[in-house]
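Asker: sequence unknown, structure follows:
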Ligand code: URA
């Protein structure tokens with residue numbers, strides 16, 4: 001598994017504003033959207049393409065187009081929904097699947113309450129959108145669902161990650177894993193607290209995007 005912490009002043013600037021407790025929901029949403037588009041640029045670096053020829057007004061030119069079958073983008077409900085527009089802007093032709101996982105606040109273990117995925121993902125690149133890679137339980141579960149369906153590659157785009165979460169996903173999808181696995185994040189923070197929150201983090205991403213339930 002490859003972990004890529006995006007190193008770019010614009011990403012760092014937007015992430016800093018996102019963390020700020022004074023950043024209210026409308027701005028938080030816009031910053032998330034912008035950050036995802038920037039992260040998606042890195043996350044799609046190895047996306048499968050096919051070579052094509054196009055006719056310019058002057059001459060034929062070699063080029064590429066996204067390979068078929070099309071990639072699948074999977075926002076993890078609820079907070080991942082806030083990342084979908086930013087990803088779709090870069091990959092408008094990708095299909096979209098959905099998974100919903102809730103974390104038990106006592107055990108911190110995830111349980112799946114919704115799955116809307118194609119049964120067969122053979123040959124398809126899969127891009128998971130989940131803002132916070134905290135314990136890693138959710139991402140490891142979602143990656144497993146996609147791998148069982150035959151995905152050609154697994155990439156997660158996260159706003160923030162904790163070392164504990166990276167270690168958990170790496171333990172399940174290590175360097176010998178038979179398909180490419182990648183986590184792209186805007187920041188790698190210090191640790192998790194006792195409630196499984198990323199420190200210093202940005203708080204509850206779902207609440208900050210959509211309000212408290
Ligand atoms: N989920 C969040 O929204 N924030 C965290 O810090 C950890 C998990």
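Answerer: All right, it came through fine. Note that this is a predicted model, so its numbers are computed, not measured.
Asker: let's see the pLDDT reported for residue 109.
Answerer: Model confidence at residue 109, given as pLDDT, is 87.
Asker: residue 142 now?
Answerer: 98.
Asker: stretch 188-205 - what's its average pLDDT?
Answerer: So the average pLDDT for stretch 188-205 ends up being 97.
Asker: any buried residues in it, and which?
Answerer: Neighbour-count burial for stretch 188-205 flags 188, 189, 192, 196, 197, 198, 201, 202, 205 (criterion: 16 or more other C-beta atoms under 10 Å). Just so you know, the C-beta spots here come from the backbone N, C-alpha and C atoms, and that holds for glycine as well.
Asker: wait, doesn't residue 1 sit right on residue 167?
Answerer: No - with contacts counted by C-beta atoms under 8 Å, residue 1 stays clear of residue 167, the gap being 10.3 Å.
Asker: of those two, who's got more company?
Answerer: Using other C-beta atoms under 10 Å as the criterion, residue 1 and residue 167 rank with residue 1 on top: 19 against 10.
Asker: name the nearest residue to that one, ignoring sequence neighbours.
Answerer: In this structure, residue 1 finds its nearest non-sequential neighbour in residue 181, 4.3 Å apart by C-beta to C-beta, 6 or more residues apart in numbering.
Asker: run a quick neighbour tally on the one you found.
Answerer: Residue 181 is flanked by 22 other residues according to other C-beta under 10 Å.
Asker: how far away is it from residue 207?
Answerer: For residue 181, the distance to residue 207 equals 29 Å [C-beta to C-beta, to the nearest Å].
Asker: over to residue 8?
Answerer: Distance from residue 8 to residue 207, by C-beta to C-beta: 27 Å.
Asker: how about residue 110, phi and psi?
Answerer: When read as degrees, to the nearest 10, the backbone of residue 110 gives phi -90, psi 150.
Asker: that one: how many residues sit nearby?
Answerer: Every residue meeting other C-beta under 10 Å relative to residue 110 is counted, giving 19.
Asker: could you do residue 84 as well?
Answerer: So residue 84, with other C-beta under 10 Å, has 17 neighbours.
Asker: next: residue 26.
Answerer: 8.
Asker: quick check: residues of the chain near the ligand?
Answerer: 79, 132, 134, 196, 197, 198, 201, 204, 205, 206 (C-beta under 6 Å from any ligand atom).
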